[in-house]
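Q: Need coordinates for the following:
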Amino acid sequence: MSLRSEMAEYGVKVKDIAKAIGVSIGTASLKVNRKSEFTVDQAVIIRDSFFPTKTLDELFSTHKKTAFRVEGGSGN
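A: Just a heads-up that it's a prediction; the model follows:
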């Protein structure tokens, strides 16, 4: 999951994020849409305020976890 998907699931709006971290709605929108980055402090505030059961990695990771299979033999 990502911040955006968690926001949709729990009804959290960009204005709620903006108020929690003390920035304008425009700035919060840029951050939520990954045009700008959250500070670590902002990320912790968001997690603690709205998604306390989620890890920071679950909310803010930019890496998608993919499953893959290693094919090959004995290394010859």
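Q: Tell me where the model's unsure across this structure.
A: 62-76 (pLDDT under 70).
Q: Give me the contact list for the lengthiest helix in it.
A: Counting by DSSP state H, the longest helix found in the chain is helix 40-50. Outside helix 40-50, the residues within contact range by Cβ atoms under 8 Å, 6 or more residues apart in numbering are 3, 6-7, 10, 12, 16-17, 20-21, 23, 31, 38, 54-56, 59-60. (Each C-beta comes from the backbone N, C-alpha and C, glycine too.)
Q: ok, and the closest non-adjacent residue to residue 9?
A: residue 1 (7.9 Å; Cβ to Cβ, 6 or more residues apart in numbering).
Q: does the closest residue to residue 37 other than its chain neighbours sit in a helix or strand, and which one?
A: Leaving aside its sequence neighbours, residue 37 sits nearest to residue 31 (Cβ to Cβ, 6+ apart; 6.8 Å). Assigned by DSSP states H and E, residue 31 belongs to helix 25-32.
Q: Buried residues, that helix. List them.
A: 27, 28, 29, 31, 32 (16 or more other Cβ atoms under 10 Å).
Q: do the same with stretch 5-21
A: 6, 7, 12, 14, 16, 17, 18, 20, 21.
Q: Next up, the contacts around residue 29.
A: Per Cβ under 8 Å, 6+ apart, neighbours of residue 29: 14, 18.
Q: 10 Å instead, please
A: 14, 15, 17, 18, 23, 35, 36 (Cβ atoms under 10 Å, 6 or more residues apart in numbering).
Q: do the same with residue 25
A: 13, 14, 15, 16, 17, 18, 19.
Q: Distance of the nearest residue to residue 16 once chain neighbours are set aside relative to residue 14?
A: Spatial nearest neighbour of residue 16, excluding adjacent residues (Cβ to Cβ, 6+ apart): residue 50 at 7.2 Å. Distance check for residue 50 against residue 14: by Cβ to Cβ, to the nearest Å, it reads 12 Å.
Q: Tell me the residues that contact both of the two, please.
A: residue 7.
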